[in-house]
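Peer 1: Got a predicted structure plus its sequence, pasted below:
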Amino acid sequence: MLSSTGHPFIFLLPVIAIVGFWLMAKFEKKEAGFKRRSFFERNGTPVAIYLIVAVAFWAVFMIVLPQLFMVEMSFRPKLPPIEMGGPKDLYTFENYHYFLYGSTTSNAAINWLHIKAFLLTIVASVCAALFNFALSYPLAFYMAQIAKPARVRFLLLLLIAPYWVNEILRAFAFRIIFSSSGLINKVIMAAGLIDQPIDFIGNDIALYTGLGYAYMLMMVFSLYNAIETLDHAQIEAARDLGAPWWHIHAFIVIPFAKPGIASGCTLVFMLSAGSLAAPLVLGGPRSLWFTPILYDRFFQAFNWPQGAAYAFILLLTCVSFVLLVLRLGRLNLGEIAK
């Protein structure tokens, strides 16, 4: 075990990560040879000072300090309040040990339940991002390159309107639709395709469909913003040269929209991996999802250090996914943040 007073490095882990991202962004700008006016010249001194103070306050108190507190707590043991800060309050890896072995002391058995739930959550979140992309790309392309402005506004209204309703209420609506006596089963049975209702909830079909729908708006807007800036003359030139439709999308539209694709995929992945309402409402009795386990660590087992460790593992995985997407797409943070 480590002394809680002798290792301040643990407090600095998120700060080091943030500084690393900042240095990477600075290096990328330097490599690209950007020569732009300074921030104060573009915005004026009063507005620039206000923006710096506001963003710094938001970043420190809403992002950095909570993450520091979470990381620091993840390395502490679960103790009664009276023993906190005492001789037993030492930094330890027992919370991460529990995630791997289901015990803070023994290595006899692997904690397959939590590990399987974690891996399933990551894989399902990746699939949700890919499903969202496949579903959203045709709509985003139609809105950005084909539809007239009035129709685009109408489609945007149709997309946004369901999100005026709370996420939990939308999840319950999906549960009603996918239940054994729900609309989908009634329609299929009325058509004579099946004799018995399909257990959409028990087979996690409702869960994955709900996750795919819940964050579709993020993907559509990311793709729409990227494809909208593509000069339509490039598409027309490719058609005039005899390029088939799949060639236009594969070699013109999709490469141009890579920043939007990366942004949409990372947003959908992180929101799906961290979703709690959909797994709790739409999950069946055998459903495995990591966030309900994380929630139980906090509010059922009342083991906040262990919950913080689980949350930190999920956070590191999400950050790793973002870096992997940037690497595969040969993009930088500035391109997907536009």
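Peer 2: Noted; the coordinates are in hand.

Peer 1: Strands of the stretch 201-338 of the chain, start to end?
Peer 2: Assigned strands in the stretch 201-338 of the chain: none (criterion: DSSP state E, counting those that start in this stretch).

Peer 1: pLDDT weak spots in it?
Peer 2: Along the stretch 201-338 of the chain, segments meeting pLDDT under 70 span 334-338.

Peer 1: since we're on Ile184, how many residues are nearby?
Peer 2: By the measure other CB atoms under 10 Å, the count of residues near Ile184 is 16. Backbone N, C-alpha and C define where each C-beta goes, glycine included.

Peer 1: Quick one: end-to-end length of stretch 186-199, please.
Peer 2: 12 Å (CA to CA, to the nearest Å).

Peer 1: Give the buried residues for it.
Peer 2: Using 16 or more other CB atoms under 10 Å as the test for burial, stretch 186-199 gives Ile198.

Peer 1: tell me how far that stretch is from the chain's mean position?
Peer 2: From the chain centre to the centre of stretch 186-199 is a distance of 35 Å (CA atoms, centre = their mean, to the nearest Å).

Peer 1: and the spatially closest residue to Phe131 that is not a sequence neighbour, what does it touch?
Peer 2: Excluding its sequence neighbours, the residue lying closest to Phe131 (CB to CB, 6 or more residues apart in numbering) is Gly212, at 4.8 Å. Gly212 sits next to Ala128, Phe131, Asn132, Leu135 when contact means CB atoms under 8 Å, 6 or more residues apart in numbering.

Peer 1: Apply 6 Å and report the result again.
Peer 2: Counting by CB atoms under 6 Å, 6 or more residues apart in numbering, Gly212 makes contact with Ala128, Phe131, Asn132.

Peer 1: And it, how close does it get to Leu169?
Peer 2: 18 Å (CB to CB, to the nearest Å).

Peer 1: got it, and Tyr163?
Peer 2: Applying CB to CB to Tyr163 and Leu169 gives a distance of 11 Å.

Peer 1: One more: Gly202?
Peer 2: Counting by CB to CB, the gap from Gly202 to Leu169 is 22 Å.

Peer 1: who has more neighbours, these two?
Peer 2: Gly202 (14 against 11).

Peer 1: hang on, the more buried one packs against Gly284?
Peer 2: Yes. Using CB atoms under 6 Å, Gly202 is in contact with Gly284, at 4.0 Å.

Peer 1: any idea of the mean pLDDT in the longest helix seen in the chain?
Peer 2: Identified as the longest helix of the chain according to DSSP state H is helix 112-141. The predicted model gives helix 112-141 an average pLDDT of 93.

Peer 1: How far does that helix sit from its chain's centre?
Peer 2: Worked out by CA atoms, centre = their mean, helix 112-141 lies 10 Å from the chain centre.

Peer 1: Next: stretch 259-270.
Peer 2: 8 Å.

Peer 1: Stretch 105-113 now?
Peer 2: 29 Å.

Peer 1: Render the CA-only coordinates of it in PDB, please.
Peer 2: What follows is stretch 105-113, C-alpha atoms only, in PDB (Å, rounded to 0.1, in the frame of the first residue of the first chain):
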ATOM      1  CA  THR A 105      -7.200  -9.800  -1.300                       C
ATOM      2  CA  SER A 106      -7.600 -13.100  -3.200                       C
ATOM      3  CA  ASN A 107      -6.500 -14.000  -6.800                       C
ATOM      4  CA  ALA A 108      -8.300 -17.300  -6.700                       C
ATOM      5  CA  ALA A 109     -11.000 -16.500  -9.200                       C
ATOM      6  CA  ILE A 110     -11.500 -14.100 -12.100                       C
ATOM      7  CA  ASN A 111     -14.400 -11.600 -11.700                       C
ATOM      8  CA  TRP A 112     -15.900 -12.700 -15.000                       C
ATOM      9  CA  LEU A 113     -19.300 -11.100 -14.300                       C
END
